[in-house]
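Q: Quick one: sequence plus predicted model below, questions after.
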Amino acid sequence: MDIANLREQMVETQLIPRGIRNKRVLDAMRRVPRHIFAGGSNLRSSYDDMALPIGEGQTISQPYMVAIMTELLELKGTERVLEIGTGSGYQGAVLAELAKEVYTIERIVVLADRAAAEYRSLSYDNIHVRTGDGTLGWPEAAPFDRIIITAAAPEIPGPLLDQLGMDGILVIPVGSRFSQTLLRIRKTEKGLIEEHHTPCVFVPLIGEHGWKKDL
Ligand code: SAH
């Protein structure tokens, strides 16, 4: 089975039946080579319905989780997006297909370096990668139209809310260390509007405005 076919299967069996409807999101996930970001030891399993280990105790998120988080961001193509938790780089590539510029922060140097190298080899020239504590955001590039946090947080980091522009959307898994709820926050003139979406399990967000240290 060829790779485009594996991606089509992923879209038709994992994303559409669970309610992902945004055609731009589905098409982006038909295009981005997940197996490259997944490390490529087993081509077929890269497209399985699960998160996969990427080294350093971290994971590439399940395709469905990437899809729903991306759909919740309502990207039209003009946005500047901040991602916290580059990890494999896969989610960042999906965002880069759908937004204008992507800024992504990863605390583990080897993962940030590997993702940056994949972006170069795949010619993504609208993704900016930085190593550091993403709970502090990227003040020099703020405000952002969209912010996505792909690690589990005890609460929404204050600096990220500050760096979200007016009418912006922020998506984040919030909860305990081992189980969270995916939240969508909209910043409006009247204040923040919070919606609760699906239950989820992410690796912890570790930093000044996240969990304090590794277990
Ligand atoms: N978006 C990723 C999923 C990454 S898993 C993908 O598509 O593959 C979450 C990542 O968040 C891990 O790589 C972890 O090291 C990173 N992380 C945890 N706390 C962080 C912080 N404070 N700042 C930046 N990255 C962080």
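A: Arrived safely, thanks for sending. Remember, predicted model here, so these are calculated numbers, not experimental data.

Q: Can you tell me how far Ile172 is from Gly55?
A: Distance, Ile172 to Gly55, by Cβ to Cβ, to the nearest Å: 24 Å. C-beta coordinates here come from the backbone N, C-alpha and C atoms, glycine included.

Q: quick one, which of those two is more surrounded?
A: Legend: neighbour count by other Cβ atoms under 10 Å for Ile172 and Gly55, higher for Ile172 (26 against 13).

Q: Can you point out the buried residues in the helix or strand encompassing that one?
A: Under the criterion of DSSP states H and E, Ile172 resides in strand 164-175. Buried residues in strand 164-175, counted by 16 or more other Cβ atoms under 10 Å: 164, 168-175.

Q: Not counting its neighbours along the chain, what's nearest Glu74?
A: Of all residues not flanking Glu74 in the chain, Ile169 sits nearest, at 6.3 Å (Cβ to Cβ, 6 or more residues apart in numbering).

Q: Identify the bridge partners of that neighbour.
A: On the basis of DSSP bridges, Ile169 is bridged to Arg146, Arg186.

Q: Contact partners for it?
A: Ile169 sits next to 72-74, 145-147, 184-187 when contact means Cβ atoms under 8 Å, 6 or more residues apart in numbering.

Q: repeat that with 10 Å
A: With contact taken as Cβ atoms under 10 Å, 6 or more residues apart in numbering, Ile169 is in contact with 72-75, 79, 81, 144-148, 184-187, 193.

Q: How about Glu97?
A: 24-25, 27-32, 70, 75, 77, 124, 126.

Q: swap in Arg44?
A: Contacts of Arg44 by Cβ under 10 Å, 6+ apart are 1, 3, 6, 9, 35.

Q: let's see 7 Å
A: Arg44 makes contact with Leu6, according to Cβ atoms under 7 Å, 6 or more residues apart in numbering.

Q: swap in Val129?
A: Per Cβ under 7 Å, 6+ apart, neighbours of Val129: 86, 104, 112, 115-116, 119.

Q: measure the closest residue to Tyr124 other than its chain neighbours to Val32 for me?
A: Excluding the flanking residues, the one nearest Tyr124 by Cβ to Cβ, 6+ apart is Ala96, at 5.1 Å. Here Ala96 is placed at a distance of 9 Å from Val32 (Cβ to Cβ).

Q: for Ala96, phi and psi?
A: Note on Ala96: its backbone torsions stand at phi -60, psi -30 [degrees, to the nearest 10].
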